[in-house]
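Participant: have a look at this prediction, sequence included:
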Amino acid sequence: APGGSFVYATGSVEGALTTFSRDSADGGLTYLGRLLDNGTQGFLTIDGLGGARGLVVSPDGLNIYVAGESEDKIAVFTRNLATGQPTFIEAVTEGDVQSSGTVDGLDGAQDVALSPDGQHLYVVSPVDDSVTVLQRNASLSGTLSFREVEKDGAGGVDGIDGASGVRVSPDGKHVYVTGRDDNGIAVFRRETDSGSLDFGKLTFLQSLLDGGLGGTFLAGASGVEISPDGAFVYVAAATDDAVSVFGRNTTESSPDFGKLTFLSERHEGEASGLGGAATGLDGAWQTLVSPDGQHLYVASAVSDATVVFQRNPATGSLKFIGVHRDEAISACVQPTTCIVHSLDGAGASRGCGRCK
């Protein structure tokens, strides 16, 4: 969460949203409690956490949004800034009839992203092959209103078959969506004029596919991440066991503003590379760039590992630093050595923990 004092995690099997406090000195976590799907909170029954997957906290810290994959819903929570505790508000469901239209594109909702201005939530569905735009009503406890849905194969949209990951650029002007079944990534322009009737809506710009302009390591494209300066985009590919680096055009006056160009990749089993051959990328699923932009972390579901790369901020290239595997001995500050636990099937979440 903003401020760094609290961490939130989803549990897809239990249908849970769990809250931790975070020690700013060493990053250690303290369990504070959990909310369960169909549990009660006050007079309300919690809904929308079935198969809980993607999670995002609003930039102002006031709301938490969770994608309930098995329920085709987005669960909305307000957040106590002092205690970190979430309170259930509503669940937006596939097929809901709202004044703004019928909610579409939440079937098997998997990942979510908020625009930097906190005005719109973007949700991807591998079942609907889509990205859905929901308007966030900050003055109404963060409730959501349906705006539109973009689907693979409709209106020229390509690259989001099996839509699995979504991110909004730091400048809020573009949205990037990975398509696991299309083995690619799609680029959309986002309308940022708050006075426009199309505020928040998307316009398809580009798709990069495996074997074409997207390089040859995009098979099973899943996680997507953008560098803090907005200049580079990283895509994890679970089938190719790789992470690809793309340059993002950041020149607003250019007709190619926001579009991507393939630059390089790191993959499991490579012969060599910066820092040596990368390992631990088998089933690469999710990526995360550190806030200072110095490192990229990749969670790999088959390797049961977290891989660490050092980023070159100027070129976006990746230097292999090391890998932490489930049940393996890794270096720790205290104690000197330790066994890493709970990385089996790593990849369905974004975040960090400390070994014990």
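Facilitator: Perfect, I can see it now.
Participant: can you tell me the SS state at residue 131?
Facilitator: strand (DSSP: H, G, I helix; E, B strand; the rest coil).
Participant: can you report how many residues lie near it?
Facilitator: Burial of residue 131 is recorded as 28 neighbouring residues (other CB atoms under 10 Å). Where you see a C-beta, it was placed from the backbone N, CA and C, and this is true even at glycine.
Participant: show me the contacts for it.
Facilitator: 105, 122-125, 149-150, 160, 163, 166, 175, 177, 188, 202 (CB atoms under 8 Å, 6 or more residues apart in numbering).
Participant: can we see that at 6 Å?
Facilitator: 122, 124, 150, 177 (CB atoms under 6 Å, 6 or more residues apart in numbering).
Participant: turn those residues into JSON lines, columns for pLDDT.
Facilitator: JSON lines is the format used below for the contacts of residue 131 (pLDDT from 0 to 100):
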{"residue": "122", "pLDDT": "98"}
{"residue": "124", "pLDDT": "98"}
{"residue": "150", "pLDDT": "98"}
{"residue": "177", "pLDDT": "98"}
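Participant: can you add secondary structure and neighbour count and give the residues you listed back as CSV?
Facilitator: What follows is the contacts of residue 131, written out as CSV (DSSP: H, G, I helix; E, B strand; the rest coil; neighbours: other CB atoms under 10 Å):
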residue, secondary structure, neighbour count
122, strand, 26
124, strand, 32
150, strand, 25
177, strand, 32
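Participant: skipping adjacent residues, who's closest to residue 235 in space?
Facilitator: Of all residues not flanking residue 235 in the chain, residue 244 sits nearest, at 4.9 Å (CB to CB, 6 or more residues apart in numbering).
Participant: what stretches of the chain score poorly on pLDDT?
Facilitator: 327-356 (pLDDT under 70).
Participant: swap the cut-off to 80 and go again
Facilitator: Scanning the chain for pLDDT under 80 picks out the ranges 326-356.
Participant: quick one: residue 301 and residue 285 touch, right?
Facilitator: Yes - contact criterion CB atoms under 6 Å: residue 301 and residue 285 qualify, at 4.8 Å.
Participant: who has more neighbours, the two?
Facilitator: Using other CB under 10 Å as the criterion, residue 301 and residue 285 rank with residue 285 on top: 25 against 20.
Participant: who are the neighbours in contact with that one?
Facilitator: Contacts of residue 285 (CB under 6 Å, 6+ apart): 222-223, 236, 238, 299, 301, 347.
Participant: so which of those is surrounded by the most neighbours?
Facilitator: Busiest of those [other CB under 10 Å] is residue 236, holding 33 neighbours.
Participant: what's in contact with the helix or strand hosting residue 324?
Facilitator: Following DSSP states H and E, the helix or strand that holds residue 324 is strand 318-325. With CB under 6 Å, 6+ apart as the test, strand 318-325 has contacts from 266, 274-276, 278-280, 305-310, 330, 340.
Participant: nearest to residue 232, of those?
Facilitator: Nearest to residue 232 among these: residue 309, at 12.1 Å, using CB to CB.
Participant: quick one: that closest one and residue 298 touch, right?
Facilitator: No - Residue 309 is beyond contact range of residue 298, at 7.3 Å (criterion: CB under 6 Å).
Participant: the more surrounded of the two?
Facilitator: Taking neighbours as other CB under 10 Å, residue 309 and residue 298 compare with residue 298 leading, 29 against 26.
Participant: just grab the bridge partners of that one for me.
Facilitator: Beta bridges link residue 298 to residue 287, residue 307, judged by DSSP bridges.
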